[in-house]
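A.B. asks: The following comprises the amino acid sequence and a computationally predicted model.
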Amino acid sequence: MFNHAEWARYLSQALHTLSSARRDVADGDFAWACFKSQQAAEMAAKGFIRASGGLATGHSVVKLLADAVLDAPDHLTRCARELDKAYIPTRYPDAYDSGSPHEYFDRADASMHVECAAGIVEHLEHEVPHDPPGP
């Protein structure tokens, strides 16, 4: 049985984080927008798995989508790969030989990450089972 309350908790946070990522794009905080987009997709996928009664571990959106046993369209799987690439290097200067993460991400990167996360969240929303009608 799908736990709609658990899904609602995770979906609420995923949407809130995605909204924050959109504000970061507008404010020019592109690395943070990329990271928050990854987090939004991760939260939505984990919420779907948990609401389905599964165990959601790790941070890979690709893995979490596979664990959710969803037949995600190819473009969303590619998006999940791009989002996974944003998990570490958007935050840690030692991911690069020089410079800081905010110097490596631009508006195009951030916009793509936000759109990818939004697509994954939307796909998961459409996969939520509807409760059967009552007696």
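C.D. replies: Noted; the coordinates are in hand. Since we're looking at a predicted model, the values are computed, not measured.
A.B. asks: use CA for all of it now, contacts and neighbours both
C.D. replies: Fine.
A.B. asks: give me the element Asp84 is part of.
C.D. replies: Using DSSP states H and E, Asp84 sits in helix 74-85.
A.B. asks: Skip ahead from that helix and say which helix or strand is next.
C.D. replies: Taking DSSP H and E as the definition, the helix or strand that follows helix 74-85 towards the C-terminus is helix 107-127.
A.B. asks: and that following helix, how far from the chain's centre?
C.D. replies: 7 Å (CA atoms, centre = their mean, to the nearest Å).
A.B. asks: start the count at 78, not 1, going forward
C.D. replies: That works, and once the first residue is 78, the last one we named lands at helix 184-204.
A.B. asks: What average pLDDT does it get?
C.D. replies: In this model, helix 184-204 has an average pLDDT of 97.
A.B. asks: Tell me the buried residues in it?
C.D. replies: In terms of neighbour count (16 or more other CA atoms under 10 Å), helix 184-204 has its buried residues at 184, 186-191, 193-198, 200-201.
A.B. asks: hmm, back to that, which residues does the helix holding Asp161 contact?
C.D. replies: Residues from elsewhere that reach helix 151-162 (CA atoms under 8 Å, 6 or more residues apart in numbering): 111-112, 114-115, 136-139, 190, 193-194, 196-197.
A.B. asks: and the spatially most central residue of the chain, what does it touch?
C.D. replies: Nearest residue to the geometric centre of the chain (CA atoms, centre = their mean): Ala118, 1.1 Å. The contact partners of Ala118, taken as CA under 8 Å, 6+ apart, are Ala91, Val138, Ala194, Ala195, Ile197, Val198.
A.B. asks: The fourth one is in contact with Leu95, isn't it?
C.D. replies: Just to be clear, that refers to Ala195. Yes - using CA atoms under 8 Å, Ala195 is in contact with Leu95, at 7.3 Å.
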